[in-house]
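J.: using only what follows, build the 3D model:
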Amino acid sequence: MHVAIVVLTIIASFKWGNWKNWRKYHASMFFIATGGLLYEYIVKENTLWKFHPDFLYGHEMVVIVYALITMPVSIFLFLSHLPEGWFKRPFYILLWSGIYIFIEWILYAFGRISYQNGWNFWYSFLFDIVMFSVIVIHQFKPFRAYIISLFIIIFLINFFDIPFKFIK
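T.: Residues are numbered from 1 along each chain as shown. All right, here's what the predicted structure looks like:
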C-alpha cells in the first residue's frame with residue numbers, strides 16, 4: 001500500500017505538477033523532508049504514529065520513502081496550485097488536509113498505520129491542517145515557519161509527554 005501511494009503521488013506530480021517552476025517550491029519541499037526525518041530522529045521509540053511496512057521494505061525504509069519522496073512530491077503538488085488570494089487558501093488547505101486524512105484512513109483501515117502515545121486519527125487531521133498552513137507560511141516567510149515549527153515541536157513533545165534526550 002505504501003508503494004502504491006508513492007507511485008500514485010509521483011504520477012500525479014507529472015500530470016498536475018508545475019514542473020516548469022519546481023525550483024520555486026524546492027525550499028518548502030526540503031523543509032517538509034527535513035521535518036519528517038527530524039521527527040523520526042527525535043521520537044525514535046516513542047512515535048505518535050507508526051507505519052507498518054509493505055512486503056518490499058521495513059519500517060525505516062517506509063519512513064525514508066515518505067520523507068524523501070512522497071511528502072516533498074505531494075507538497076510540490078500542493079504548492080503548484082496554491083491560490084493567489086489569501087481568502088481561498090484556508091479552503092485549499094482544508095481540501096489537502098482532507099486528501100491526506102482520507103489516505104491515512106485507508107492506511108489505518110488496512111493496518112498500514114497505527115497510533116501510539118495518545119495520538120489518534122483526529123489529531124492527524126488537525127496536524128495536517130497545521131502542517132499545510134505552515135508550508136504556506138514557509139513558502140513566503142521561511143524564517144517565520146521555522147519559528148512556528150519550533151513552537152509546534154515543543155508543544156507536541158510536552159502535550160504527548162514524549163521523552164526528549166540530547167544525550168543517552
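J.: restricting to C-alpha, output the helix or strand of the chain with the lowest mean pLDDT in PDB.
T.: Every helix and strand of the chain was ranked by mean pLDDT, DSSP states H and E. The lowest is helix 59-65, at a mean of 86. Extracted C-alpha coordinates of helix 59-65, given in PDB (Å, rounded to 0.1, in the frame of the first residue of the first chain):
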ATOM      1  CA  HIS A  59       9.600   0.500   8.900                       C
ATOM      2  CA  GLU A  60      12.800   2.600   8.500                       C
ATOM      3  CA  MET A  61      12.600   2.400   4.700                       C
ATOM      4  CA  VAL A  62       8.900   3.400   4.800                       C
ATOM      5  CA  VAL A  63       9.800   6.500   6.800                       C
ATOM      6  CA  ILE A  64      12.700   7.400   4.400                       C
ATOM      7  CA  VAL A  65      10.500   6.900   1.300                       C
END
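J.: what's the helix or strand for the residue nearest in space to the middle of the chain?
T.: Residue closest to the average C-alpha location in the chain (Cα atoms, centre = their mean): Met71, at 5.5 Å. Using DSSP states H and E, Met71 maps to helix 71-80.
J.: for that helix, give me every contacting residue.
T.: Outside helix 71-80, the residues that touch it by Cβ atoms under 8 Å, 6 or more residues apart in numbering are 9-10, 12-13, 16-18, 21-22, 24-25, 28-30, 32-33, 36, 96, 100, 132, 135, 139. Placement of C-beta: from N, CA and C, glycine included.
J.: pull the distance from the following helix or strand past it to the chain's centre.
T.: Per DSSP H and E, the first helix or strand lying C-terminal to helix 71-80 is helix 89-109. Put simply, helix 89-109 sits 11 Å off its chain's centre (Cα atoms, centre = their mean, to the nearest Å).
J.: then helix 89-109 to CSV, C-alphas only?
T.: Only the C-alpha atoms of helix 89-109 are listed here, as CSV (Å, rounded to 0.1, in the frame of the first residue of the first chain):
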residue,chain,number,x,y,z
ARG,A,89,-6.1,29.5,0.9
PRO,A,90,-7.9,28.2,4.1
PHE,A,91,-10.3,26.2,1.9
TYR,A,92,-7.4,24.9,-0.2
ILE,A,93,-5.6,23.8,3.0
LEU,A,94,-8.8,22.1,4.2
LEU,A,95,-9.0,20.3,0.8
TRP,A,96,-5.5,19.0,1.0
SER,A,97,-5.9,18.1,4.7
GLY,A,98,-8.9,16.1,3.6
ILE,A,99,-6.9,14.3,1.0
TYR,A,100,-4.2,13.4,3.5
ILE,A,101,-6.6,12.2,6.1
PHE,A,102,-8.5,10.1,3.6
ILE,A,103,-5.3,8.4,2.6
GLU,A,104,-4.4,7.9,6.2
TRP,A,105,-7.9,6.4,6.9
ILE,A,106,-7.2,3.9,4.1
LEU,A,107,-3.8,3.1,5.7
TYR,A,108,-5.4,2.7,9.1
ALA,A,109,-8.2,0.5,7.7
